[in-house]
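Peer 1: Sequence plus predicted model, see below.
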Amino acid sequence: MKEQLARNICRYRKERGLTQEELARRLGLTFQAVSKWENAQTMPDLSLLPDLAAILNVSTDRLLGYVPQDKQVSIYENEYRTPDYYWGVEPNKACYQVLQLMPPTRPLKLLDMGCGEGRDAVFFARNGYDVTAFDISDAGVEKTQRLADKAGVTVKAFRADINDYRPDARYDIIYSSGVLHYIKPEYRSELFQHYKDHTNPDGIHVLNVFVEKPFIAPPPENEPNACKWRSGELASYYHDWLLRESSEAVFDCNSSGIPHKHAMSVVIAQKIGTI
(Lines give C-alpha, C1' and ligand atoms only; values in the text may rest on other atoms or scores of the structure.)
Protein backbone atom coordinates (compact mmCIF):
# COMPACT_ATOMS: atom_id res chain seq x y z
CA MET A 1 0.00 0.00 0.00
CA LYS A 2 2.71 2.51 0.98
CA GLU A 3 4.77 2.01 -2.18
CA GLN A 4 1.68 2.05 -4.41
CA LEU A 5 0.50 5.31 -2.85
CA ALA A 6 3.99 6.80 -3.17
CA ARG A 7 4.11 6.01 -6.90
CA ASN A 8 0.62 7.38 -7.47
CA ILE A 9 1.25 10.66 -5.66
CA CYS A 10 4.38 11.20 -7.75
CA ARG A 11 2.65 10.13 -10.96
CA TYR A 12 -0.45 12.29 -10.60
CA ARG A 13 1.53 15.28 -9.30
CA LYS A 14 3.65 15.24 -12.44
CA GLU A 15 0.57 14.80 -14.64
CA ARG A 16 -0.86 17.97 -13.07
CA GLY A 17 2.42 19.79 -13.71
CA LEU A 18 3.04 20.43 -10.01
CA THR A 19 6.37 20.47 -8.21
CA GLN A 20 6.69 18.98 -4.75
CA GLU A 21 6.90 22.53 -3.38
CA GLU A 22 3.67 23.59 -5.14
CA LEU A 23 1.78 20.53 -3.92
CA ALA A 24 3.07 21.04 -0.38
CA ARG A 25 2.09 24.72 -0.39
CA ARG A 26 -1.47 23.92 -1.48
CA LEU A 27 -1.74 21.43 1.37
CA GLY A 28 -0.11 23.74 3.92
CA LEU A 29 2.87 21.43 4.38
CA THR A 30 6.61 21.45 3.78
CA PHE A 31 8.01 20.02 0.55
CA GLN A 32 9.98 17.55 2.70
CA ALA A 33 6.68 15.96 3.72
CA VAL A 34 5.71 15.41 0.08
CA SER A 35 9.18 14.11 -0.70
CA LYS A 36 8.88 11.53 2.10
CA TRP A 37 5.49 10.42 0.75
CA GLU A 38 6.90 9.91 -2.75
CA ASN A 39 9.89 7.99 -1.40
CA ALA A 40 7.57 5.74 0.65
CA GLN A 41 9.22 6.86 3.89
CA THR A 42 5.91 8.06 5.35
CA MET A 43 2.24 8.14 4.35
CA PRO A 44 -0.15 11.12 4.29
CA ASP A 45 -2.46 11.52 7.24
CA LEU A 46 -5.87 10.03 6.49
CA SER A 47 -7.51 13.44 6.88
CA LEU A 48 -5.38 14.81 4.02
CA LEU A 49 -6.42 12.24 1.43
CA PRO A 50 -9.59 14.03 0.18
CA ASP A 51 -7.73 17.32 -0.33
CA LEU A 52 -4.74 15.56 -1.85
CA ALA A 53 -6.96 13.65 -4.30
CA ALA A 54 -8.84 16.85 -5.23
CA ILE A 55 -5.61 18.74 -5.98
CA LEU A 56 -4.33 15.84 -8.08
CA ASN A 57 -7.70 15.58 -9.85
CA VAL A 58 -8.24 11.90 -9.07
CA SER A 59 -10.54 9.96 -6.79
CA THR A 60 -9.23 8.71 -3.46
CA ASP A 61 -9.78 5.16 -4.77
CA ARG A 62 -7.58 5.84 -7.78
CA LEU A 63 -4.97 7.56 -5.59
CA LEU A 64 -4.81 4.48 -3.35
CA GLY A 65 -4.51 2.19 -6.36
CA TYR A 66 -8.07 0.93 -6.56
CA VAL A 67 -10.53 1.09 -9.45
CA PRO A 68 -14.27 1.10 -8.60
CA GLN A 69 -15.77 -2.30 -9.40
CA ASP A 70 -18.74 -0.76 -11.22
CA LYS A 71 -16.52 1.15 -13.64
CA GLN A 72 -15.50 -0.48 -16.90
CA VAL A 73 -11.75 -0.12 -17.14
CA SER A 74 -11.22 -2.18 -20.29
CA ILE A 75 -13.12 -2.23 -23.57
CA TYR A 76 -12.99 -6.02 -23.26
CA GLU A 77 -14.59 -6.18 -19.81
CA ASN A 78 -18.03 -7.15 -21.13
CA GLU A 79 -16.58 -9.71 -23.55
CA TYR A 80 -14.59 -11.26 -20.72
CA ARG A 81 -17.77 -11.68 -18.68
CA THR A 82 -19.22 -14.13 -21.20
CA PRO A 83 -18.68 -17.90 -20.78
CA ASP A 84 -16.68 -18.12 -24.01
CA TYR A 85 -13.05 -17.08 -24.23
CA TYR A 86 -12.88 -13.98 -26.45
CA TRP A 87 -9.29 -14.71 -27.54
CA GLY A 88 -9.70 -18.49 -27.42
CA VAL A 89 -7.58 -20.79 -25.26
CA GLU A 90 -4.77 -21.62 -27.70
CA PRO A 91 -1.52 -19.88 -26.70
CA ASN A 92 0.12 -17.13 -28.72
CA LYS A 93 2.90 -18.45 -30.95
CA ALA A 94 5.37 -16.30 -28.97
CA CYS A 95 4.87 -18.75 -26.08
CA TYR A 96 6.67 -21.43 -28.07
CA GLN A 97 9.60 -19.06 -28.58
CA VAL A 98 9.86 -18.76 -24.80
CA LEU A 99 9.93 -22.55 -24.52
CA GLN A 100 12.71 -22.78 -27.09
CA LEU A 101 14.85 -19.98 -25.65
CA MET A 102 14.44 -20.74 -21.95
CA PRO A 103 12.87 -24.14 -21.32
CA PRO A 104 11.89 -24.84 -17.70
CA THR A 105 14.64 -27.37 -17.02
CA ARG A 106 15.05 -25.58 -13.69
CA PRO A 107 12.61 -23.43 -11.67
CA LEU A 108 11.94 -20.26 -13.67
CA LYS A 109 9.77 -17.32 -12.65
CA LEU A 110 7.67 -15.75 -15.40
CA LEU A 111 5.60 -12.55 -15.35
CA ASP A 112 2.76 -12.20 -17.89
CA MET A 113 1.84 -8.50 -18.13
CA GLY A 114 -1.71 -7.99 -19.38
CA CYS A 115 -2.76 -11.64 -19.30
CA GLY A 116 -6.31 -11.06 -20.59
CA GLU A 117 -8.27 -14.26 -20.02
CA GLY A 118 -5.16 -16.24 -19.22
CA ARG A 119 -4.52 -18.42 -22.26
CA ASP A 120 -0.77 -17.71 -22.31
CA ALA A 121 -0.29 -17.62 -18.54
CA VAL A 122 -1.97 -21.02 -18.15
CA PHE A 123 0.06 -22.47 -21.04
CA PHE A 124 3.26 -21.41 -19.29
CA ALA A 125 2.08 -22.87 -15.97
CA ARG A 126 1.17 -26.16 -17.65
CA ASN A 127 4.70 -26.33 -19.00
CA GLY A 128 6.28 -25.94 -15.59
CA TYR A 129 6.98 -22.23 -15.17
CA ASP A 130 6.26 -20.38 -11.92
CA VAL A 131 3.75 -17.89 -13.32
CA THR A 132 2.60 -14.52 -12.04
CA ALA A 133 0.10 -12.63 -14.20
CA PHE A 134 -1.94 -9.46 -14.06
CA ASP A 135 -4.57 -7.66 -16.08
CA ILE A 136 -6.60 -4.49 -15.60
CA SER A 137 -9.85 -6.41 -16.10
CA ASP A 138 -11.38 -8.12 -13.07
CA ALA A 139 -13.32 -10.42 -15.39
CA GLY A 140 -10.10 -11.32 -17.19
CA VAL A 141 -8.36 -12.20 -13.93
CA GLU A 142 -11.34 -14.34 -12.85
CA LYS A 143 -11.28 -16.24 -16.15
CA THR A 144 -7.53 -16.72 -15.85
CA GLN A 145 -8.05 -18.35 -12.46
CA ARG A 146 -10.87 -20.54 -13.79
CA LEU A 147 -8.76 -21.66 -16.74
CA ALA A 148 -5.85 -22.43 -14.41
CA ASP A 149 -8.13 -24.41 -12.08
CA LYS A 150 -9.48 -26.39 -15.02
CA ALA A 151 -5.93 -27.19 -16.13
CA GLY A 152 -4.92 -28.13 -12.59
CA VAL A 153 -2.11 -25.55 -12.39
CA THR A 154 -1.33 -22.49 -10.30
CA VAL A 155 -1.20 -18.97 -11.72
CA LYS A 156 -0.78 -16.09 -9.28
CA ALA A 157 -3.16 -13.70 -11.04
CA PHE A 158 -4.26 -10.27 -9.82
CA ARG A 159 -5.70 -7.01 -11.12
CA ALA A 160 -3.34 -4.13 -11.89
CA ASP A 161 -2.92 -1.26 -14.34
CA ILE A 162 0.26 -1.62 -16.41
CA ASN A 163 0.93 2.11 -15.93
CA ASP A 164 0.88 1.73 -12.14
CA TYR A 165 2.35 -1.70 -11.48
CA ARG A 166 6.07 -2.09 -10.75
CA PRO A 167 7.29 -5.62 -10.02
CA ASP A 168 8.89 -6.00 -6.60
CA ALA A 169 10.24 -9.50 -7.32
CA ARG A 170 12.84 -10.58 -9.86
CA TYR A 171 11.86 -12.72 -12.84
CA ASP A 172 13.62 -14.92 -15.35
CA ILE A 173 11.11 -14.12 -18.08
CA ILE A 174 8.91 -11.07 -18.62
CA TYR A 175 6.29 -11.60 -21.29
CA SER A 176 3.60 -9.37 -22.76
CA SER A 177 1.48 -9.63 -25.88
CA GLY A 178 -0.91 -6.99 -27.23
CA VAL A 179 -0.83 -4.78 -24.14
CA LEU A 180 2.13 -2.39 -24.25
CA HIS A 181 0.21 0.19 -26.31
CA TYR A 182 -1.59 1.11 -23.07
CA ILE A 183 1.64 2.39 -21.49
CA LYS A 184 1.71 6.18 -21.59
CA PRO A 185 4.79 7.66 -23.31
CA GLU A 186 5.91 9.56 -20.21
CA TYR A 187 6.18 6.31 -18.20
CA ARG A 188 7.96 4.12 -20.74
CA SER A 189 11.59 4.88 -19.96
CA GLU A 190 11.12 4.44 -16.20
CA LEU A 191 8.93 1.35 -16.57
CA PHE A 192 11.22 -0.53 -18.92
CA GLN A 193 14.23 0.24 -16.76
CA HIS A 194 12.29 -1.16 -13.80
CA TYR A 195 11.44 -4.32 -15.76
CA LYS A 196 15.11 -4.72 -16.69
CA ASP A 197 16.29 -4.14 -13.13
CA HIS A 198 13.88 -6.83 -11.92
CA THR A 199 15.11 -9.46 -14.37
CA ASN A 200 17.60 -12.12 -13.33
CA PRO A 201 20.94 -12.45 -15.18
CA ASP A 202 20.48 -14.26 -18.52
CA GLY A 203 16.72 -13.67 -18.26
CA ILE A 204 14.66 -12.72 -21.31
CA HIS A 205 11.89 -10.31 -22.24
CA VAL A 206 9.47 -11.43 -24.94
CA LEU A 207 7.29 -8.48 -25.94
CA ASN A 208 5.26 -7.04 -28.78
CA VAL A 209 3.47 -3.77 -29.40
CA PHE A 210 1.22 -2.32 -32.08
CA VAL A 211 2.89 0.42 -34.11
CA GLU A 212 1.32 3.07 -36.30
CA LYS A 213 1.76 3.02 -40.07
CA PRO A 214 0.35 5.63 -42.47
CA PHE A 215 -0.82 2.91 -44.87
CA ILE A 216 -2.87 1.04 -42.22
CA ALA A 217 -6.25 2.38 -41.09
CA PRO A 218 -6.90 2.76 -37.35
CA PRO A 219 -8.41 -0.38 -35.78
CA PRO A 220 -12.22 -0.47 -35.45
CA GLU A 221 -12.12 -0.97 -31.66
CA ASN A 222 -12.62 2.23 -29.71
CA GLU A 223 -9.62 2.17 -27.38
CA PRO A 224 -9.54 5.53 -25.59
CA ASN A 225 -6.54 4.53 -23.45
CA ALA A 226 -4.29 3.34 -26.28
CA CYS A 227 -1.11 5.36 -26.97
CA LYS A 228 0.97 5.60 -30.13
CA TRP A 229 4.19 3.65 -30.62
CA ARG A 230 6.73 4.10 -33.41
CA SER A 231 8.67 1.45 -35.30
CA GLY A 232 11.91 0.68 -33.48
CA GLU A 233 10.81 2.37 -30.25
CA LEU A 234 10.41 -0.83 -28.27
CA ALA A 235 13.85 -2.11 -29.28
CA SER A 236 15.44 1.19 -28.23
CA TYR A 237 14.83 0.34 -24.57
CA TYR A 238 17.11 -2.70 -24.96
CA HIS A 239 20.21 -1.10 -26.48
CA ASP A 240 22.30 -2.58 -23.63
CA TRP A 241 20.84 -6.11 -23.88
CA LEU A 242 21.32 -8.83 -26.49
CA LEU A 243 18.55 -8.47 -29.07
CA ARG A 244 17.68 -12.01 -30.06
CA GLU A 245 14.86 -10.73 -32.27
CA SER A 246 13.70 -7.32 -33.40
CA SER A 247 11.17 -7.62 -36.18
CA GLU A 248 8.02 -6.09 -37.58
CA ALA A 249 5.04 -7.59 -39.36
CA VAL A 250 1.66 -6.60 -40.77
CA PHE A 251 -1.14 -9.10 -40.18
CA ASP A 252 -4.88 -9.47 -40.65
CA CYS A 253 -7.19 -9.38 -37.64
CA ASN A 254 -10.89 -10.05 -37.15
CA SER A 255 -11.13 -9.68 -33.36
CA SER A 256 -13.95 -7.13 -33.49
CA GLY A 257 -15.89 -8.92 -36.23
CA ILE A 258 -14.63 -6.30 -38.70
CA PRO A 259 -11.67 -7.36 -40.85
CA HIS A 260 -8.70 -5.02 -40.38
CA LYS A 261 -4.91 -4.99 -40.19
CA HIS A 262 -2.28 -4.31 -37.54
CA ALA A 263 1.42 -3.56 -37.70
CA MET A 264 3.31 -5.07 -34.79
CA SER A 265 6.89 -4.81 -33.53
CA VAL A 266 8.33 -7.86 -31.77
CA VAL A 267 11.35 -7.78 -29.44
CA ILE A 268 13.06 -10.67 -27.72
CA ALA A 269 15.93 -9.41 -25.57
CA GLN A 270 18.27 -11.13 -23.14
CA LYS A 271 20.08 -9.74 -20.09
CA ILE A 272 23.58 -11.09 -20.48
CA GLY A 273 25.62 -11.98 -17.39
CA THR A 274 25.34 -9.69 -14.37
CA ILE A 275 24.23 -6.49 -16.11
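Peer 2: Yep, it's here.

Peer 1: rest of the way, CA atoms for contacts and neighbours
Peer 2: Fine.

Peer 1: How is G65 assigned, secondary-structure-wise?
Peer 2: When states are read from DSSP: H, G, I helix; E, B strand; the rest coil, the local structure at G65 comes out as coil.

Peer 1: For burial, what's the neighbour tally of it?
Peer 2: Burial of G65, expressed as a neighbour count using other CA atoms under 10 Å, amounts to 17.

Peer 1: cool, and K2?
Peer 2: Counted with other CA under 10 Å, the neighbours of K2 add up to 16.

Peer 1: now it: how far from P44?
Peer 2: Per CA to CA, to the nearest Å, K2 is found 10 Å from P44.

Peer 1: With L56 instead?
Peer 2: Using CA to CA, one gets 14 Å for the distance from L56 to P44.

Peer 1: Looking at those two, which one has more neighbours?
Peer 2: Neighbours were tallied for L56 and for P44 using other CA under 10 Å; the higher tally belongs to L56 (23 against 15).

Peer 1: which residues touch that one?
Peer 2: Neighbour list for L56: 9, 12-13, 16 [criterion: CA atoms under 8 Å, 6 or more residues apart in numbering].

Peer 1: Give me the secondary structure label for the residue nearest the centre of the chain.
Peer 2: Per CA atoms, centre = their mean, the C-alpha nearest to the average position across the chain is that of I162, at 2.9 Å. With three-state DSSP as the basis, the three-state label of I162 is coil.

Peer 1: Could I get the phi/psi values of it?
Peer 2: I162 has phi and psi values of phi -60, psi -20 when expressed as degrees, to the nearest 10.

Peer 1: isn't it right up against Y182?
Peer 2: Yes: proximity of I162 to Y182 meets the contact threshold set by CA atoms under 8 Å, at 7.4 Å.

Peer 1: Can you classify D120 by secondary structure?
Peer 2: Under three-state DSSP, D120 falls in the helix class.

Peer 1: What's the local residue count around it?
Peer 2: Taking other CA under 10 Å as the criterion, the count of residues near D120 is 24.

Peer 1: can you check K271 too?
Peer 2: K271 has 21 neighbours, counted by other CA under 10 Å.
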